[in-house]
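S.K.: missing the sequence, but the structure's below:
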């Protein structure tokens with residue numbers, strides 16, 4: 001018996017289920033052991049979630065993540081975040097919330113490092 005999948009993949013840029021899965025695994029590990037990461041590692045993970053998954057504070061090219069079959073302008077490439085789908089963005093926000101719950105010292109670092117500069 002041959003089985004043919006009936007699934008259809010969405011656009012390449014919004015099909016980030018692998019990213020969502022990895023974020024959820026990290027979230028579960030940290031939730032089960034809040035002291036798994038050092039403070040420096042928590043800060044690094046927080047920065048990665050904010051900069052590379054949720055927002056675009058450090059604009060850098062992402063050409064390595066875009067295949068030739070994706071039609072996207074050069075100006076748009078610089079503004080892409082890794083987390084494109086609702087599920088991956090929710091997973092990233094949930095992980096960020098858990099990191100902040102486990103280490104409240106991250107909150108002023110996030111505010112002062114990311115949001116205050118936006119306010120000018």
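M.R.: That came through fine. Everything numeric here is computed off the predicted structure, so don't read it as measured data.
S.K.: List the contacts of residue 36.
M.R.: Applying CB atoms under 8 Å, 6 or more residues apart in numbering to residue 36 gives the contacts 29, 30. All C-beta spots, glycine's among them, are computed from the backbone N, C-alpha and C.
S.K.: Helix, strand, or coil at it?
M.R.: When classified by DSSP: H, G, I helix; E, B strand; the rest coil, residue 36 comes out as coil.
S.K.: Check what pLDDT it gets.
M.R.: Model confidence at residue 36, expressed as pLDDT, equals 95.
S.K.: same thing with residue 55?
M.R.: In the predicted model, residue 55 carries a pLDDT score of 84.
S.K.: isn't it right next to residue 114, touching?
M.R.: Yes: applying CB atoms under 8 Å, one finds residue 55 in contact with residue 114, separated by 7.4 Å.
S.K.: can you give me the helices for this structure?
M.R.: Secondary structure of the chain by DSSP state H: the helices cover 17-32, 39-48, 74-77, 86-102, 106-110, 116-119.
S.K.: Deepest in the core, which of those helices is it.
M.R.: Most buried of the helices of the chain by mean neighbour count (mean count of other CB atoms under 10 Å) is helix 86-102; its value is a mean of 18.
S.K.: What helices and strands are in contact with that one?
M.R.: helix 17-32, helix 39-48, helix 106-110 (3 or more CB pairs under 8 Å, 6 or more residues apart in numbering; DSSP states H and E).
S.K.: Now do the longest one against helix 86-102: the angle between them, please.
M.R.: So that's helix 17-32. With axes from the mean of the first three to the mean of the last three CA atoms, to 10 degrees defining the directions, helix 17-32 sits at 20 degrees from helix 86-102.
S.K.: helices and strands of this structure: which one has the lowest mean pLDDT?
M.R.: Sorting the helices and strands of the chain by mean pLDDT, DSSP states H and E puts helix 74-77 at the bottom, at a mean of 53.
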